[in-house]
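Enquirer: this one's sequence-less:
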């Protein structure tokens, strides 16, 4: 239970006196309006809130982790370098959330460090790095992501397939066709290929369409529609 759970704090006053840690704590309040106002206040404070927010990325409350990450994404440029450093944190939750926040920001300075994070020892940190690279969309990440399709964990492979689909680079097509043979990751590979088909306006009967339909028939005929969100 957070320090504010027993009463409703006045976020305006907490912000006015510059109590950043109090605002971070309020991210875990049971009242939605308190959480929302605290997040907005932290976003307004900007750079001085970055370090406390990064420290909150391993909070035992998952929702505080997530809200801290989202606020860091909104703060943007001032958070980039501290988040890049956080990719090396000893805590895997911090590394994962730092990667996701960098993806939300979209700054290309993060591409090299995120590529390195594709080899993180922890599954969710690797998956977070892949998702971030997909959001940033820098073509330098395509080949490292293709290599990451060989990750030993199916969850990571699935995340990589989604990232390649988001990037829409044709170099990812053939490796993902091969990924359709993976019984655990093929759903995301099929959906990613569906994005390629949508992006490049391929028609039924095209070799990619046929490969996907044969490997994942439930998607047959649905490639002209958004599968996730375009």
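Expert: Perfect, I can see it now. The structure displayed is predicted, hence computed values, not measured ones.
Enquirer: secondary structure element for the residue nearest the centre of the chain?
Expert: Among the residues of the chain, the one closest to the centroid is residue 100, at 3.8 Å (Cα atoms, centre = their mean). Using DSSP states H and E, residue 100 falls within helix 92-105.
Enquirer: What lies in contact with that helix?
Expert: 54, 57-58, 65-66, 68-70, 72-74, 76-77, 79-80, 83-84, 86-89, 110, 113-114, 117, 120, 122, 124-125, 127-129, 131-136 (Cβ atoms under 8 Å, 6 or more residues apart in numbering). All C-beta spots, glycine's among them, are computed from the backbone N, C-alpha and C.
Enquirer: Of the residues you listed, keep whichever come out buried.
Expert: 54, 57-58, 65, 68-70, 72-74, 76, 79-80, 83-84, 86-87, 89, 110, 113-114, 117, 120, 124-125, 127-129, 131-136 (16 or more other Cβ atoms under 10 Å).
Enquirer: Any regions of this structure where pLDDT drops low?
Expert: 1-6, 179-185, 194-230 (pLDDT under 70).
Enquirer: ok so, going back, quick one: list the elements packing against the helix or strand just after the helix holding residue 100.
Expert: Beyond helix 92-105 on the C-terminal side, the first helix or strand identified by DSSP H and E is helix 111-117. Helix 111-117 sits against helix 92-105, helix 123-136, with contacts defined as 3 or more Cβ pairs under 8 Å, 6 or more residues apart in numbering; DSSP states H and E.
Enquirer: quick check, distance from helix 111-117 to the centre of its chain.
Expert: Remark: helix 111-117 is offset 13 Å from the chain centroid, using Cα atoms, centre = their mean, to the nearest Å.
Enquirer: cool, and stretch 86-97?
Expert: On Cα atoms, centre = their mean, the centre of stretch 86-97 falls 13 Å from that of its chain.
Enquirer: for stretch 26-46, same thing?
Expert: 21 Å.
Enquirer: Using neighbour counts, pick out the buried residues of that stretch.
Expert: Neighbour-count burial for stretch 26-46 [16+ other Cβ under 10 Å]: 26-29, 34-35, 37-39, 41-43, 45.
Enquirer: again, but for stretch 138-149
Expert: Under the neighbour-count criterion of 16+ other Cβ under 10 Å, stretch 138-149 has 141, 142, 144, 145, 146, 148, 149 buried.
Enquirer: Name the nearest of these relative to residue 168.
Expert: Taking Cβ to Cβ as the measure, residue 168 sits nearest to residue 142 out of the buried residues of stretch 138-149, at 9.8 Å.
Enquirer: Which element, helix or strand, includes the closest one?
Expert: Counting by DSSP H and E, residue 142 is part of helix 142-148.
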